[in-house]
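Undergrad: Predicted model and sequence follow; I will ask about them next.
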Amino acid sequence: MTAKLRILVVDDVPDAAESMARMLASMGHEAAYVTRASQALGVAREMRPHLIFLDLGMPEIDGYALARMLRAEFGFDGLRLVAISGWGRDEDRAASRQAGFDAHVKKPAEIEIIDSILKTVLSGPILRP
């Protein structure tokens, strides 16, 4: 993979957020993380990420509500949202799609699945300068 993506990880578990961001950075991407949903919009405005990995089960603002806020502000062009959660039932995946997510990954996410998502993002016409 040669292109560098800007990726934001939003997860209320600090170790999970940091390790995901470190893994993405080790793959050659610009990765940042936040552990509070309330921080995500501000960081997304500054960073202008191509992709956000977003935990669903957070306190204060859940991932579904945050996805709707991100879609309201950034739309669907140029931003991909991936739900990453311990919740993996069909109903959870349907709720993710309704909230505006492009994909739903069950934790713990295997590196092959993350790599596949990154390749999909790189192959699509969504990259911004």
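TA: Good, I have the coordinates.

Undergrad: element containing the residue lying closest to Arg22 once chain neighbours are set aside, please.
TA: Excluding its sequence neighbours, the residue lying closest to Arg22 (Cβ to Cβ, 6 or more residues apart in numbering) is Ala31, at 7.5 Å. Heads up, the C-betas are built off the backbone N, CA and C, glycines and all. Ala31 is located in strand 30-34, with elements delineated by DSSP states H and E.

Undergrad: List the buried residues in the helix or strand that comes right after that strand.
TA: Downstream of strand 30-34, the next assigned helix or strand under DSSP H and E is helix 37-47. Taking 16 or more other Cβ atoms under 10 Å as the neighbour-count basis, helix 37-47 is seen to contain the buried residues Ala37, Ala40, Leu41, Ala44.

Undergrad: Please name every helix or strand in contact with helix 37-47.
TA: Taking 3 or more Cβ pairs under 8 Å, 6 or more residues apart in numbering; DSSP states H and E as contact, the helices and strands that helix 37-47 lies on are strand 6-10, strand 30-34, strand 51-55, helix 63-74.

Undergrad: chain center to it: distance?
TA: From the chain centre to the centre of helix 37-47 is a distance of 12 Å (Cα atoms, centre = their mean, to the nearest Å).

Undergrad: thinking again about what came up before, now the helices and strands packed on helix 37-47 in JSON lines, with mean pLDDT, mean neighbour count and distance to Phe101?
TA: Converted to JSON lines, the helices and strands packed on helix 37-47 look like this (pLDDT from 0 to 100; neighbours: other Cβ atoms under 10 Å; distance: least, Cβ to Cβ, whole Å):
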{"stretch": "strand 6-10", "mean pLDDT": "97", "mean neighbour count": "25", "distance to Phe101": "12"}
{"stretch": "strand 30-34", "mean pLDDT": "97", "mean neighbour count": "20", "distance to Phe101": "18"}
{"stretch": "strand 51-55", "mean pLDDT": "95", "mean neighbour count": "26", "distance to Phe101": "8"}
{"stretch": "helix 63-74", "mean pLDDT": "93", "mean neighbour count": "18", "distance to Phe101": "6"}
